[in-house]
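**Q** Structure, please.
(3 chains)
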Amino acid sequence: MAEILTLSETSRPRPEGQWKAKLSKAFYEKPTLVVAKELLGKYLVVRHPNRILSGKIVEVEAYVGEEDPACHAAVGLTDRNHIMYGPGGFAYIYFIYGMYHCLNFVTEQAGLPAAVLIRGLEPVEGVEEMKRRRDHRSVSGLANGPGKICQAFGIDKTFYGLELTGTRIWVEDRGEKRPAITQSARIGVAAGKDKPWRFYVPKSSGVSKDGKKR
DNA sequence: TGTTGGATCAACT
DNA sequence: GTTGATCCAACAC
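**A** Take a look at the predicted model:
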């Protein structure tokens, strides 16, 4: 575990003494299903000018390769999905249904297009800021869905291709034990329903609503 | 150049 | 359970 963690300026132990380590590029270059499961219980952090927003990741989905019909790389290399063809450790953002952005982390080695979609978070730092961005909704409804996460955290296409080892957006291991994980089919996809590549922390308030029903 | 449908969400009935 | 909002990438012409 320790070898995949890299301390850097932004993940230095803080005054409170809480242990925080930014995940390194090597973390994301592993097989996508492994990365997806290991992301649960980690913390997404986004830095805006003078403001830090963070949340615990509790729901993700894996999309792996051109042979996965639900993966955006199923159509081959395009302007939209090209970042997935590079090495892991970068942000893949796409715009959907005319109004929402979705946040993904590129995984695997260069040449294998794959990513993990971040579907659900429990807000931690910057909750008031998230409420403002999300039209003052209750905490439990702030980031329990991929479109809501991007609204709450202010993530848009300007985040496309950003390094997850940089200073704008990253993931921290705060030393918590890995949570119990449930898996299921992915949500909202027409193709690839046979692959149980959605992973989530059962009973978390940050799991998307659609997901709770299944 | 035009058409179509989507890894969503909220507000309906 | 159904539908509207509303953009853009993909694909057919």
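**Q** How about the secondary structure of A:K22?
**A** When classified by DSSP: H, G, I helix; E, B strand; the rest coil, A:K22 comes out as strand.
**Q** what about it, how many residues close to it?
**A** Under the neighbour criterion other C-beta atoms under 10 Å, A:K22 is assigned a count of 23. Placement of C-beta: from N, CA and C, glycine included.
**Q** A:N50 too?
**A** Around A:N50 there are 5 residues (other C-beta under 10 Å).
**Q** Who are the contact partners of it?
**A** For A:N50, the contact set (C-beta atoms under 8 Å, 6 or more residues apart in numbering) is empty.
**Q** Could you measure from it over to A:K20?
**A** Here A:N50 is placed at a distance of 19 Å from A:K20 (C-beta to C-beta, to the nearest Å).
**Q** A:A191 too?
**A** In terms of C-beta to C-beta, A:A191 sits 39 Å off from A:K20.
**Q** was I right about A:R47 contacting A:L162?
**A** No: counting by C-beta atoms under 8 Å, A:R47 stays clear of A:L162, with 11.0 Å between them.
**Q** Need the residues touching each of these two.
**A** Contacts common to A:R47 and A:L162, judged by C-beta under 8 Å, 6+ apart, are A:R168, A:I169.
**Q** So for these two, which sits in the more crowded spot?
**A** A:L162 (19 against 15).
**Q** Kindly state the pLDDT recorded for A:P13?
**A** Predicted confidence (pLDDT) for A:P13: 47.
**Q** isn't A:P113 right up against A:M84?
**A** Yes: using C-beta under 8 Å, A:P113 makes contact with A:M84 at a distance of 3.9 Å.
**Q** Can you check which residues contact both of those two?
**A** Common neighbours of A:P113 and A:M84 (C-beta under 8 Å, 6+ apart) are A:C71, A:A73.
**Q** So the spatially most central residue of chain A, which state does it fall into?
**A** The centre of chain A sits closest to A:I118, judged by C-alpha atoms, centre = their mean, with a distance of 3.3 Å. On the three-state scheme (three-state DSSP), A:I118 is labelled strand.
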